[in-house]
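>>> predicted model and sequence follow; I will ask about them next.
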Amino acid sequence: QVQLQESGPGLVKPSQTLSLTCTVSGGSISSGSYYWSWIRQPAGKGLEWIGRIYTSGSTNYNPSLKSRVTISVDTSKNQFSLKLSSVTAADTAVYYCARAVYYYDSSGYREYFQHWGQGTLVTVSS
Amino acid sequence: QSVLTQPPSVSAAPGQKVTISCSGSSSNIGNNYVSWYQQLPGTAPKLLIYDNNKRPSGIPDRFSGSKSGTSATLGITGLQTGDEADYYCGTWDSSLSARYVFGTGTKVTVL
């Protein structure tokens, strides 16, 4: 059973860069056709998709965050990472990493998050 | 600013049925598959329904999903106190601002 675990600083100062890592266990990050994704949730609010990466290194980002986001993958460590620059208090949230299944067929495109990490709270404050 | 609209809350007594709607457009629900997630208090979301109406292994058949046009619906029958949670729909949005989008979320309360 695949498991994901987020790690990184719980407190980041305004204007600095938020950095998180997701460690995948129970399977190789390189096996199968999956997107490795980041999602966040401010306290008391809904879910926001940040972006995703394929093991080839191909990425897609939420246009609202694209200028500040970088997602990378390290297949040798079975990890993928998130960097969010120039953070403000609005970036305070629980950050989740997740594995997404995706594929096309004649009826359309499907992508869904099959496995999630437990989430990690990141607070932006001086 | 989510493009998928859900009712903020629904409620019913134990054993009853609730339905949660998820309204979108042709750029998202209308042309892509919908999934649903259950988020129990203080926990990560969990996949409940994928491909509009399929249940992952271990999800009871009390949970069902459907899609028609640009809307999707999650149904929960035989409501239990353990079903109290937030529920989110999700799908890919194929507009110029292509991205994965989640619904606004619905709180289910068991009376």
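Yes, it's here.
>>> what parts of chain B come near chain A?
Selection of chain B residues close to chain A by C-beta under 8 Å from any C-beta of the partner chain yields B:2, B:31-33, B:35, B:37, B:43-47, B:50-51, B:56, B:88, B:90-92, B:94, B:97-105. All C-beta atoms are positioned from the backbone trio N, CA, C, and that covers glycine.
>>> contacts only, for the residue nearest to B:G105 when sequence neighbours are not counted.
Excluding the flanking residues, the one nearest B:G105 by C-beta to C-beta, 6 or more residues apart in numbering or on different chains is A:G46, at 4.6 Å. With contact set as C-beta atoms under 8 Å, 6 or more residues apart in numbering or on different chains, A:G46 has these partners: B:2, B:88, B:102-105.
>>> recalculate using a threshold of 6 Å.
B:102, B:104-105 (C-beta atoms under 6 Å, 6 or more residues apart in numbering or on different chains).
>>> break down chain A into its strands, ranges please.
Along chain A, counting by DSSP state E, strands occupy A:3-7, A:11-12, A:18-25, A:34-41, A:48-53, A:59-61, A:69-74, A:79-84, A:93-105, A:108-116, A:120-124.
>>> any bit of the last one sitting next to chain B?
Right, strand A:120-124. No. Counting by C-beta under 6 Å from any C-beta of the partner chain, no contacts exist between strand A:120-124 and chain B, the nearest distance being 10.4 Å.
>>> average pLDDT for that strand?
Here strand A:120-124 scores 98 as its mean pLDDT.
>>> would you format the strands of chain A as JSON lines with distance to B:V10 included?
Shown next, in JSON lines, are the strands of chain A (distance: least, C-beta to C-beta, whole Å):
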{"stretch": "strand A:3-7", "distance to B:V10": "30"}
{"stretch": "strand A:11-12", "distance to B:V10": "37"}
{"stretch": "strand A:18-25", "distance to B:V10": "33"}
{"stretch": "strand A:34-41", "distance to B:V10": "20"}
{"stretch": "strand A:48-53", "distance to B:V10": "23"}
{"stretch": "strand A:59-61", "distance to B:V10": "33"}
{"stretch": "strand A:69-74", "distance to B:V10": "34"}
{"stretch": "strand A:79-84", "distance to B:V10": "33"}
{"stretch": "strand A:93-105", "distance to B:V10": "24"}
{"stretch": "strand A:108-116", "distance to B:V10": "22"}
{"stretch": "strand A:120-124", "distance to B:V10": "28"}
